[in-house]
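**Student:** Model the structure of this input:
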Amino acid sequence: MIAVITGDIIASRLVLDQDKWLVPLKSLFNNWGIRSKDWELERGDFFQVEVNNPLDALKKALQIKALIKKVEPLDVRMAIGIGEKTYTGESISESNGEAFIYSGEKFDSLDKENITLGIKTTWEEFDEEMNLYLKLAGTFMNKWSVSSAELMEIVLKEANITQDEIGKRLGIKQNSVSGRWNRANVNEILEVEKMFRKKIYALIK
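**Tutor:** Next comes the predicted model:
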């Protein structure tokens with residue numbers, strides 16, 4: 001069982017210097033796997049990423065969100081599909097299975113549902129509950145400022161980092177970090193990610 005993240009960049013045409021987000025995004029994907037085999041970026045702003053461990057799927061989606069939100073006025077639409085992989089092609093675009101189908105189906109419904117992050121799996125009750133959490137989380141994730149996104153990116157990458165360490169990294173005081181932390185709703189985001197991980201573990205187990 002795997003996870004697949006399907007997504008596209010919102011307002012990408014409004015950023016004249018595409019490298020501002022394209023280079024960091026490719027670097028992130030390269031850290032996760034091999035281009036074509038594990039991930040692909042098409043038409044400049046459409047992407048698909050295979051995640052071998054479904055428990056990591058939401059965290060990776062959040063990392064993509066934070067990276068993209070660092071560049072105004074960009075945002076990102078993403079759908080996570082979790083299920084079996086029945087065929088492994090030479091490239092991710094040739095591979096197939098439930099995870100790919102679910103991710104594609106959910107991605108196609110994002111605009112209609114007026115959300116930027118959703119999930120579809122074989123477990124309907126899980127989907128209903130988790131999509132509600134993601135919809136609520138989206139109300140503040142979609143409003144992340146550049147500084148909030150910068151902070152969230154660091155927290156997601158280094159789980160045990162302290163606010164003092166973050167302050168030194170960003171060149172700001174600890175009380176400024178605390179303010180950004182609250183405005184970014186870091187605690188709430190981490191709680192949703194932790195719940196997702198716990199529930200997926202129980203379902204797979």
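**Student:** quick one: contacts for the residue nearest in space to the middle of the chain?
**Tutor:** When Cα atoms, centre = their mean is applied to the chain, the residue found nearest the centroid is A61 (1.2 Å). Going by Cβ atoms under 8 Å, 6 or more residues apart in numbering, A61 touches 5, 7, 78, 80, 117. C-beta here means a position set from N, CA and C on the backbone, and glycine is covered the same way.
**Student:** Return the backbone torsion pair for D8.
**Tutor:** phi -150, psi 160 (degrees, to the nearest 10).
**Student:** which residues in the chain form helices?
**Tutor:** Using DSSP state H, the helices of the chain run over residues 19-32, 57-69, 98-113, 124-141, 146-157, 163-170, 174-183, 186-204.
**Student:** Among those helices, which comes closest to T86?
**Tutor:** Of all the helices of the chain, helix 98-113 sits nearest to T86, with 7.5 Å by Cβ to Cβ.
**Student:** And the closest one, how far out from the chain middle?
**Tutor:** Centre-to-centre, helix 98-113 and its host chain are 15 Å apart (Cα atoms, centre = their mean, to the nearest Å).
**Student:** which residues sit against it?
**Tutor:** Residues contacting helix 98-113 (Cβ under 8 Å, 6+ apart): 1-7, 48, 50, 77-86, 116-122.
**Student:** Flag every buried residue along it.
**Tutor:** For helix 98-113, the neighbour count (16 or more other Cβ atoms under 10 Å) marks 98-104, 106-107, 110 as buried.
**Student:** And for stretch 112-124?
**Tutor:** For stretch 112-124, the neighbour count (16+ other Cβ under 10 Å) marks 115-121, 123 as buried.
**Student:** Let me know the closest of the residues you listed to N185.
**Tutor:** Closest approach between those and N185, by Cβ to Cβ: L117, at 14.1 Å.
**Student:** and the closest one, how far is that from D164?
**Tutor:** Distance of L117 to D164, computed by Cβ to Cβ, to the nearest Å: 31 Å.
**Student:** Give the burial count for the residue nearest to S103 when sequence neighbours are not counted, as a bare number.
**Tutor:** Nearest residue to S103 in three dimensions, chain neighbours excluded: G81, at 2.9 Å (Cβ to Cβ, 6 or more residues apart in numbering). By other Cβ atoms under 10 Å, the residues close to G81 number 28.
**Student:** for G81, what are its contacts?
**Tutor:** Counted by Cβ under 8 Å, 6+ apart, G81 has contacts 3-4, 6, 98-106, 119-121.
**Student:** Ok, K120 next?
**Tutor:** When contacts are counted by Cβ under 8 Å, 6+ apart, K120 touches 79-82, 102-103, 105-106, 127.
**Student:** Just the pLDDT for it.
**Tutor:** For K120, the model assigns a pLDDT of 98.
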